[in-house]
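>>> turn this into a model:
(3 chains)
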Amino acid sequence: MKKDKKMTLTLPAEELMACGHLACQGCGAALAMRYMLKALGQKTVLCIPACCWAVIDGPYPYSSLDVPIYHCAFETAASTATGVKAGLEMTGDAETTVVAWAGDGGTFDIGLQALSGAAERNDDIIYVCYDNEAYMNTGIQRSSATPYGAWTTTTPVKHFKTQPKKDIVAILAAHRVPYIATASVSHPEDFFKKMKKAKDIKGTRFFHVYAPCPTGWKSRPEDTVKLARMAVQNAYFPLLEIEDGEKYTLNLKLKDKKPVNDYVRIQGRFRHLTDEQIGSIQAEVDARWERLLKLSV
Amino acid sequence: MKKVMMGNHALSYGAMLSRSQVIAAYPITPQTQVVELLSEMCADGTLDARFIKVESEHSAMAACIGASVAGARTFTATSAQGLALMHEMLHWASGGRHPVVMGNINRSMAPGWSIWTDQNDSLSERDTGWMQYYCASNQEVLDTVIQAFKVSEALMIPGMVVLDAFALSHTYEVVDVPDQAAVDKYLPPFKPEIRLTPNDPRAFGGLTGAEHYMELRYKLQKDMEKAPALIEETGREFEKMFGRNLGLVDAYKCDDAEFVFVTSGTAGFTARVAVDELRRSGVKAGNLRIKVFRPFPFAKVREILKKVKKAAVVDRNCSYGAHGIFFQEVKSALYGEPGTPPVFGYIAGLGGRDITTDSFKEVAAHALAKDRADEEIVWIGVKK
Amino acid sequence: MREKKAKKIVFNSAEEMPLMIASVGSQTHNLTGAWRNIRPEIDLGKCLKCGICWKFCPEPSIDIVDEWPVVDYDYCKGCGICAEECPAKCIVMVEERR
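Now for the predicted structure:
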């Protein structure tokens, strides 16, 4: 028994997210929020459109967070955040960090226009997309972030999604925003470090955060962190940073890149896939990884 | 200071004198000069505001709402298709109690593409919980923007200042531009009780169950019901300071009138000319121009119209499948009141077709010849 | 962090409700421990005090008390991430008996 040893905490102890929230068991999005708030601290305002977090925080008149939230319309995370930032600045608060916190549907699909507008104007906001790869809050419908092969309630097994996932990071890079980072709930220290870094940058900062969803992926709740870790280690979801749309940094070199098969096989949403189909996922992952390697030299 | 300016610039001056702090807007004909002048004002420091040049009207209103909840006085302007694109956010602004003020240039809805005036764009937003003011002169546009901020911020309900495309938006008139110091006295800075700030962390607009939603909307309606009295009060206050009254309605020669036109927007001024002509030919005519459409001035309309023998409502809009929208409201105001006059409903001037004094004379000839209002709609000037 | 087990808020009239739709209290009245059908039990004898269970708890319902991890069963939903991630394998998920 390590009686006198202190607990090792690799993140600050202060919590700005309280218990009692409504996330499902093993929710990746809840972890992502917890880590982000640890990095940004209390002087933060969140704009949350329709997404799981619109529910997770708790119904009126309650909240689970110790930072203010504006629950905004589905397609307006970026535009609302832009307005909030301007409003705060005009009333004497230039210090508070304004965050648009949206799911993949609100980012890849319905909110893309507003996000593109904010990014092009380089509005001074942090936009975080927590990606669980489908419309989970409405009950698991496909979004343009849903990967090839996945079952959802609108891509049933007989007609599973045959298009690959939209490359949102490349879209944002094309806007040449000052800072883009990917992060995974399996690597909170990396997420924390990047968020701290982003906090001190002016302009539009974009985070793509991998947030497994046991409910929608038909995976075991206890596998959330494991799945996120596997996705990082097999380059399905590489950890990277892009500065000014040009300077790519791969945060993990992955000398021993794992195959995607193990990752795919423990998720119910991919259960119907043949080895050949999984092979095509592997090919897509490999091609993107090669592309990123070239970009990051 | 007197200045010759177009209606659109009267909106810009109103927003500037009100010391708008955040403006988010997207261009659309016939609104563009509003935001062009405001851009200049922000650029040269005449106005200390942040102008967010958004990529759509939907984002314009979203950004305005964000700025407003953060505690800033917020303005935007749009028209027709732009207003329709904003529709979702209009509910958001009123439901969330964000006192944004917006200018809307009345333009007909496409298709076919039209940039000319009628009121179906703003009247389609009737039930969004916004106050709506219909203006008839550039002076009224400028003055009403200032008043609208005062009323909206007192009640935490957004307000829409509406003017006709081209007939007002692009028409140059002499406007008395009030003194900034006097406007500052009339309209003090916006200081909301609660706002979006880390100093008082709250979640705004969260999931609201059936046990709370209805009370929140009840409060909106109750506050909306306070608006008519507040508009009259702030209108009188405005008159004391600036010499011009801003009321709910503009009653022209209604006191002894037996036959009254009910109008809105610039057609309300054209109607005055027709009233004078009718009076010369022996008809005791009057004109009731309704300025505030939401909240609808039911009591005021009832008070004036119950004394007349006939009323003719001229609508520059149509609720397809029903009839003119002001017509519906006027009938609703009079319903159940003993001794009310027959009310005739006319539709004129859609898609920018002129409403002239002849149009009003045609209306008068029709209404005066009949005992009963037995037609739901009479179309004026349509080639049948 | 807010106090745990905040009170439920009851509005008896529209008048009591703020004008804006703004929260007035904490969601911690909602004891999510009731969702659980398996519970984590920590064998402190094998605990390395690595903090990994604390770090990966999505609630977060693992508190650090006197330098030891302690599960707050009022809120733990029983997802099992702590047991899965614990490098010392000192957390086991056992069936909840109520």
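>>> quick check: residues of chain C near chain B?
Contact residues, chain C versus chain B (C-beta under 8 Å from any C-beta of the partner chain): C:F11, C:S13, C:A14, C:M17, C:P18, C:L19, C:M20, C:I21, C:A22, C:S23, C:V24. No exception for glycine: its C-beta is placed from N, CA and C like everyone else's.
>>> quick one: is the helix or strand hosting B:E239 near chain C?
Per DSSP states H and E: B:E239 is located in helix B:213-242. Yes. In terms of C-beta under 8 Å from any C-beta, part of helix B:213-242 sits within range of chain C, namely B:E215, B:L216, B:Y218, B:K219, B:K222, B:D223.
>>> pick the one among these closest to chain C.
B:E215 (3.9 Å; C-beta to the nearest C-beta).
>>> residues near that closest one, how many?
16 (other C-beta atoms under 10 Å in any protein chain shown).
>>> try B:K300
Residues near B:K300, counting by other C-beta under 10 Å: 19.
>>> do B:T263 as well
Neighbour count of B:T263, defined by other C-beta under 10 Å: 31.
>>> show the contacting residues for it.
Under the criterion of C-beta atoms under 8 Å, 6 or more residues apart in numbering or on different chains, the neighbours of B:T263 are B:A271, B:N287, B:L288, B:R289, B:I290, B:V313, B:V314.
>>> roughly how far apart are it and chain C?
As for B:T263, its distance to chain C is 35 Å (criterion: C-beta to the nearest C-beta, to the nearest Å).
>>> just to revisit the earlier point, which ones among the contacts of B:T263 lie within helices?
Under the assignment DSSP state H, the contacts of B:T263 contribute B:A271 to helices.
>>> quick revisit: show the buried residues in the residues of chain C next to chain B.
Buried members of these, scored by 16 or more other C-beta atoms under 10 Å in any protein chain shown, are C:M17, C:P18, C:M20, C:I21, C:A22, C:S23, C:V24.
>>> these: which ones sit near chain A?
Filtering those for proximity to chain A by C-beta under 8 Å from any C-beta leaves C:M17, C:I21, C:A22, C:S23, C:V24.
>>> and the last one, what's its pLDDT?
In this prediction, C:V24 carries a pLDDT score of 95.
>>> that one contacts B:A203, doesn't it?
No. Contact criterion C-beta atoms under 8 Å: C:V24 and B:A203 do not qualify, at 9.7 Å.
>>> overlap of the contact sets of these two?
With contacts taken as C-beta under 8 Å, 6+ apart, C:V24 and B:A203 have no neighbour in common.
>>> among the ones next to chain A among the buried ones among the residues of chain C next to chain B, which one sits closest to B:D48?
C:A22 (28.2 Å; C-beta to C-beta).
>>> okay but that closest one is in contact with B:I194, surely?
Yes. Shown here, C:A22 and B:I194 form a contact pair, counting by C-beta under 8 Å, at 5.8 Å.
>>> now do the shared contacts for these two.
Joint contacts of C:A22 and B:I194 (C-beta under 8 Å, 6+ apart) are B:R202.
>>> state the number of residues packed around residue 62.
With no chain named, the answer covers chain A. 24.
>>> actually, chain B is the one I wanted.
Look at B:A62: counted by other C-beta under 10 Å, it has 32 neighbours.
>>> same thing with the one 10 residues further on?
Other residues near B:A72 number 28, with proximity taken as other C-beta under 10 Å.
>>> secondary structure element for it?
Under the criterion DSSP H and E, no helix or strand holds B:A72.
>>> now for whichever strand or helix holds B:M86, which elements pack on it?
Element membership of B:M86, judged by DSSP H and E, is helix B:80-95. Using 3 or more C-beta pairs under 8 Å, 6 or more residues apart in numbering or on different chains; DSSP states H and E, the elements in contact with helix B:80-95 are helix B:57-69, strand B:101-106, helix B:120-123, helix B:213-242.
>>> pLDDT of the lengthiest helix in chain A, averaged?
Longest helix in chain A by number of residues (criterion: DSSP H): helix A:275-295. Averaged across helix A:275-295, pLDDT comes to 96.
>>> now the stretch 1-150 of chain B against chain C: closest residue?
Proximity of the stretch 1-150 of chain B to chain C (C-beta to the nearest C-beta) peaks at B:R97, 4.9 Å away.
>>> what is the burial count for that residue?
B:R97, neighbours per other C-beta under 10 Å, totals 27.
>>> would you enumerate the residues in contact with it?
Contact analysis of B:R97 by C-beta under 8 Å, 6+ apart lists B:M156, B:I157, B:L220, C:L19, C:M20, C:I21.
>>> and B:E40, that's in a strand?
No. Remark: B:E40 does not belong to a strand; assigned using DSSP: H, G, I helix; E, B strand; the rest coil, it is helix.
>>> if we can go back for a sec, closest one to B:D164 among the helices and strands packed on helix B:80-95?
Minimum separation from B:D164 across those (C-beta to C-beta) falls at strand B:101-106, 5.1 Å.
>>> which other helices and strands contact that closest one?
Here strand B:101-106 touches helix B:7-17, strand B:74-79, helix B:80-95, helix B:120-123, helix B:138-155, strand B:159-164, going by 3+ C-beta pairs under 8 Å, 6+ apart.
>>> what's the shortest one packed up against?
The one in question is helix B:120-123. Where contact means 3+ C-beta pairs under 8 Å, 6+ apart, helix B:120-123 is packed against helix B:80-95, strand B:101-106.
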